[in-house]
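>>> whatever this is, show me its structure:
(4 chains)
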2 protein chains.
Amino acid sequence: MPWPNEQKGRSRERILQSAFDLFAARGYDKVTISEVMREAQMTHGAFYNHFGSKQELYAEAIGAGARASALAKLQQTEARGAELLTEFMRIYLNEAHVRQEHSPCPLAFLATDVANGEGEVRGAYTQVFKRLISIMSRTLPADTPRRRERALAVSAMMIGGVAVARALDDERTVKALLHACQVMGEGLLGEGLT
Amino acid sequence: MPWPNEQKGRSRERILQSAFDLFAARGYDKVTISEVMREAQMTHGAFYNHFGSKQELYAEAIGAGARASALAKLQQTEARGAELLTEFMRIYLNEAHVRQEHSPCPLAFLATDVANGEGEVRGAYTQVFKRLISIMSRTLPADTPRRRERALAVSAMMIGGVAVARALDDERTVKALLHACQVMGEGLLGEGLT
DNA sequence: GTCTATAGAAAGATAGAC
DNA sequence: GTCTATCTTTCTATAGAC
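Coordinates of the predicted model:
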């Protein structure tokens, strides 16, 4: 079933990308619908032809952020297994990610923001998180002890590391934190990963 | 030097506690000064006799939250060394903490919220984080390899675990996440801790 | 220091022309 | 579908009485 109007789909996609970038950079409440629409090259009156409310936009933007994320792009390369995981951690626990120099991880950039949101927003976040755990768990060797627990704990460490780094004032501490998470994360996923 | 007016100090302390509780529960932008003052049993006109702006209140509330935290209380007991660390992790990575049934950790509850704040707010957050790392690091046995890196990585895991858990929709995933962080965290801090 | 009252600005959502 | 214009509400911050 092709789209009734291809132009509408493109506008919608521009709004979602603009919304995710802005929400990640400044948080839900500090971003206005006018700004999102301006970034998407429309005026704010057009917004309600695509979404019913700002919260609905937020929920959908989380999914859009996940589709644009580093992990989604990595999965389109030929990297698999241990190589995929170490490369993912290297990109994730990086100052360029903290500074939002590429499309960031919604789980890290929106964590406490989402906790203050409504049901549909938290539902979208939960879906993205479960999907990450599923991918990380399946990517670990089948005989890894406590495979799912490792995936959960390392994810929490990565998300927490980036979320905290973004709040910090002190570049030296940021560097040390990201590095520590990378070293200890690789340890948890199995010493001889690469 | 005793306080010029003891009553003023008490009002100020009430405002700070009320502010931290509300900011942690709903996020900076979703809390109004009127609400904070009402919870502190005053009207909002009195606010500006204590603080110059809402952001200034936020910065100070982060410090107040740290002083009221589980770790601060634990340090006033006789628990030390491995016992202190395992007890801390048990209280921290707990559903009661996620549900804010006791004074929560500002690092976990305000992480992405602080990242969107101004300089003084991030400065206060950084101070609290550095202090946590210092305490955890010093509490580990002096001959622990990579002592500071362990403290940083486990802190990120704990903060990330609680921050993500608060955003999640699904109680089963929350339980699994908190448990995984506890098991893997104890592993990182040294197998034979207790 | 605390109160009531209000100024002044901002933002979500809607109406109606094109 | 997108635009301009506006309704309506909410909130920070201030003024001035007590």
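
>>> quick one: pLDDT of A:Thr77?
Per-residue pLDDT puts A:Thr77 at 96.

>>> what sits against the residue nearest to the spatial centre of chain A?
Nearest to the geometric centre of chain A sits A:Cys105, at 2.1 Å (Cα atoms, centre = their mean). Neighbour list for A:Cys105: A:Gly65, A:Ser69, A:Ala70, A:Leu71, A:Tyr92, A:His97, A:Ile159, A:Val162 [criterion: Cβ atoms under 8 Å, 6 or more residues apart in numbering or on different chains]. In this view, the C-beta of every residue, glycine as well, is placed from N, C-alpha and C.

>>> domain parsing for chain A?
A:5-66, A:70-193 (automatic domain parsing).

>>> contacts (any at all) between DNA strand C and the longest one?
No - contact between domain A:70-193 and DNA strand C, assessed by Cβ under 7 Å from any atom of the strand, is absent, since the two come no nearer than 10.6 Å.

>>> between the domains of chain A, which one is closest to DNA strand D.
domain A:5-66 (2.0 Å; Cβ to the nearest atom of the strand).

>>> from the middle of its chain, how far away would that closest one be?
In terms of Cα atoms, centre = their mean, to the nearest Å, the centre of domain A:5-66 is found 16 Å from the chain centre.

>>> measure it end to end?
Using Cα to Cα, to the nearest Å, one end of domain A:5-66 lies 25 Å from the other.

>>> mean confidence for that domain?
Domain A:5-66 shows a mean pLDDT of 97.

>>> and DNA strand D, is it touching that?
Yes - contact of domain A:5-66 with DNA strand D (Cβ under 7 Å from any atom of the strand) involves A:5, A:7-8, A:11, A:37, A:41-46, A:49-50.

>>> can you redo the residues you listed as JSON lines with neighbour count and secondary structure?
Putting the residues of domain A:5-66 next to DNA strand D into JSON lines (neighbours: other Cβ atoms under 10 Å in any protein chain shown; DSSP: H, G, I helix; E, B strand; the rest coil) gives the following:
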{"residue": "A:Asn5", "neighbour count": "9", "secondary structure": "coil"}
{"residue": "A:Gln7", "neighbour count": "8", "secondary structure": "helix"}
{"residue": "A:Lys8", "neighbour count": "12", "secondary structure": "helix"}
{"residue": "A:Ser11", "neighbour count": "17", "secondary structure": "helix"}
{"residue": "A:Met37", "neighbour count": "21", "secondary structure": "helix"}
{"residue": "A:Gln41", "neighbour count": "10", "secondary structure": "coil"}
{"residue": "A:Met42", "neighbour count": "17", "secondary structure": "coil"}
{"residue": "A:Thr43", "neighbour count": "10", "secondary structure": "coil"}
{"residue": "A:His44", "neighbour count": "13", "secondary structure": "helix"}
{"residue": "A:Gly45", "neighbour count": "10", "secondary structure": "helix"}
{"residue": "A:Ala46", "neighbour count": "12", "secondary structure": "helix"}
{"residue": "A:Asn49", "neighbour count": "10", "secondary structure": "helix"}
{"residue": "A:His50", "neighbour count": "20", "secondary structure": "coil"}
